[in-house]
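>>> structure of the sequence below:
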Amino acid sequence: MVPFNIILFLSGFAALVYEVSWNRQLGLLLGHTSRAAAVVLAAYFGGMAIGYAVGGRIANRICPFHGYAACGLIEIVREGARRMLQSAIDAEVDAFIAVHSDRTDKRVRRLVVRKARLPKRESFVPRLPVVVFIDAKQAAR
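Residues are numbered from 1 along each chain as shown. Alright, predicted model coming up:
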């Protein structure tokens, strides 16, 4: 079994990595200013305080295995929602293409077509995995 001190060290290290990542991401949005850093630090420490307050109250009441099982169920629900959303978007795109399939340009090329699908990539940002689909034209450049 891993000593408790190592677990605490790794948890704190991960939290600092998240803080730096969010600082960089927000810096792209707001610029690398003291305000952007203050927003990140306030959100970071505020989230830690809320987590400690809530977690401290329910830690003694909940079995750790139940919490782990809840995380697994949340992941299953999230994946199911992602698949449902993807199938709904695909159906909507297919319907749109079917409605506009007769539109052509002067050279009799269809104006509305489905672009080639490239394999999906997953890019992980702090606490939020984002699936990225690359545009075929941009990938060719």
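>>> now do the host helix or strand of His66, average pLDDT.
If you go by DSSP states H and E, His66 is part of helix 64-99. The average pLDDT for helix 64-99 rounds to 85.
>>> tell me how far it is from the chain's mean position?
Mean-position distance between helix 64-99 and its chain equals 13 Å (CA atoms, centre = their mean, to the nearest Å).
>>> low-confidence stretches in the chain?
Applying pLDDT under 70 to the chain flags residues 1-2, 116-141.
>>> can you show me the helices along it?
In the chain, the segments counted as helices under DSSP state H are 4-30, 34-58, 64-99, 136-140.
>>> which one, of those helices, ends up nearest to Val112?
Using CB to CB as the measure, helix 64-99 is the one of those that comes nearest Val112, at 5.7 Å. Every residue, glycine included, has its C-beta placed from N, CA and C.
>>> and that closest one, what's buried?
By neighbour count on 16 or more other CB atoms under 10 Å, the buried set for helix 64-99 is empty.
>>> and the angle for that helix with helix 34-58?
Per axes from the mean of the first three to the mean of the last three CA atoms, to 10 degrees, the angle that helix 64-99 makes with helix 34-58 is 130 degrees.
>>> list the helices and strands helix 64-99 packs on?
Contacting helix 64-99 under the criterion 3 or more CB pairs under 8 Å, 6 or more residues apart in numbering; DSSP states H and E is no other helix or strand.
>>> Tyr44 touches Glu19, doesn't it?
Yes - using CB atoms under 8 Å, Tyr44 is in contact with Glu19, at 5.0 Å.
>>> if I look at Ser34, how far off is Val93?
44 Å (CB to CB, to the nearest Å).
>>> my error: substitute Gln25 in the last question.
29 Å.
>>> got it, and Arg83?
Taken as CB to CB, the span from Arg83 to Val93 is 16 Å.
>>> please apply the same query to Ala59.
46 Å.
>>> number of residues surrounding Arg57?
9 (other CB atoms under 10 Å).
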